[in-house]
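Engineer: Fold the following for me, if possible:
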Amino acid sequence: MPLNIPNLLTWARILLIPLFVGVYYAPGDWLSPPQQNLAATLIFVVAAVTDWFDGWLARKLDQTSAFGAFLDPVADKLMVAAALIVLVQLERVDAIVAIIIIGREIAISALREWMAKIGAAKSIAVSFLGKIKTTAQMAAIPLLLYQDNIGGISTLWLGDWLIDVAAVLTLWSMGYYLKKVWPVINERC
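Structural biologist: You can find the predicted model right below:
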């Protein structure tokens, strides 16, 4: 495992997850509910920024690695899953939306792993639709965590709308990937 700045940022993102979740378990005299929301939002945003930054640095410093390419999406999925579970517990996201998003991530990750094992990894490369889905998720989650108005706009309303868009895009992108790999699945099974 190459220890370089991009991989260290990815590990830092994974290590932020317990801190992110722990914010909501802090005693009330440490953090009030609005302070918990703000702290969790900031931690999530820092994690999201490091996700972009570690990829940029890996390319800029020519420090890409197979391990980094594996670990980066795992860190992303863990952070999003943790955030969705917290938001379900806080009753800010419907459980079915969380199940759709988390379930798709697990299914597509397993499909990618299988495709890589049979030498067809390029058949399931990240699509533009997947990137739009991720953008909707990464915008929705901080809005739902923050749970306060910004400039008269309800972050809960906007976050709820965006997470619903993300859920629809999640299903659409899963269908896209399955359609794309169906010939390979049909041939191999």
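
Engineer: For stretch 161-175, which residues meet the burial criterion?
Structural biologist: Buried residues in stretch 161-175, counting neighbours by 16 or more other CB atoms under 10 Å, are found at 162, 163, 165, 166, 167, 169, 170, 173, 174. Using the backbone N, CA and C atoms, a C-beta is placed for each residue, glycine as well.

Engineer: my guess is the last one meets residue 108, correct?
Structural biologist: Yes. Proximity of residue 174 to residue 108 meets the contact threshold set by CB atoms under 8 Å, at 6.4 Å.

Engineer: Mind checking which residue lies nearest the centre of the protein?
Structural biologist: residue 80 (3.6 Å; CA atoms, centre = their mean).

Engineer: who touches that one in this structure?
Structural biologist: Contact analysis of residue 80 by CB atoms under 8 Å, 6 or more residues apart in numbering lists 101, 102, 105, 137, 141.

Engineer: can you rerun that using 7 Å?
Structural biologist: Contact analysis of residue 80 by CB atoms under 7 Å, 6 or more residues apart in numbering lists residue 137.

Engineer: Keeping just the C-alphas, turn the strand or helix carrying it into PDB.
Structural biologist: Per DSSP states H and E, residue 80 falls inside helix 66-89. Extracted C-alpha coordinates of helix 66-89, given in PDB (Å, rounded to 0.1, in the frame of the first residue of the first chain):
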ATOM      1  CA  ALA A  66      -4.400   0.500  -7.700                       C
ATOM      2  CA  PHE A  67      -4.800   0.600  -4.000                       C
ATOM      3  CA  GLY A  68      -5.900   4.300  -4.100                       C
ATOM      4  CA  ALA A  69      -8.300   3.500  -7.000                       C
ATOM      5  CA  PHE A  70      -9.800   0.700  -4.800                       C
ATOM      6  CA  LEU A  71      -9.900   2.600  -1.500                       C
ATOM      7  CA  ASP A  72     -11.300   5.900  -2.800                       C
ATOM      8  CA  PRO A  73     -14.800   4.600  -3.800                       C
ATOM      9  CA  VAL A  74     -14.900   2.500  -0.600                       C
ATOM     10  CA  ALA A  75     -14.400   5.600   1.500                       C
ATOM     11  CA  ASP A  76     -17.100   7.500  -0.500                       C
ATOM     12  CA  LYS A  77     -19.600   4.700  -0.100                       C
ATOM     13  CA  LEU A  78     -18.900   4.300   3.700                       C
ATOM     14  CA  MET A  79     -19.300   8.100   4.300                       C
ATOM     15  CA  VAL A  80     -22.500   8.300   2.300                       C
ATOM     16  CA  ALA A  81     -24.000   5.200   3.900                       C
ATOM     17  CA  ALA A  82     -23.100   6.500   7.400                       C
ATOM     18  CA  ALA A  83     -24.700   9.800   6.600                       C
ATOM     19  CA  LEU A  84     -27.900   8.200   5.200                       C
ATOM     20  CA  ILE A  85     -28.200   6.000   8.200                       C
ATOM     21  CA  VAL A  86     -27.800   9.000  10.600                       C
ATOM     22  CA  LEU A  87     -30.400  10.900   8.500                       C
ATOM     23  CA  VAL A  88     -32.900   8.000   8.700                       C
ATOM     24  CA  GLN A  89     -32.400   7.900  12.500                       C
END
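
Engineer: Kind regards, and thank you for your time.
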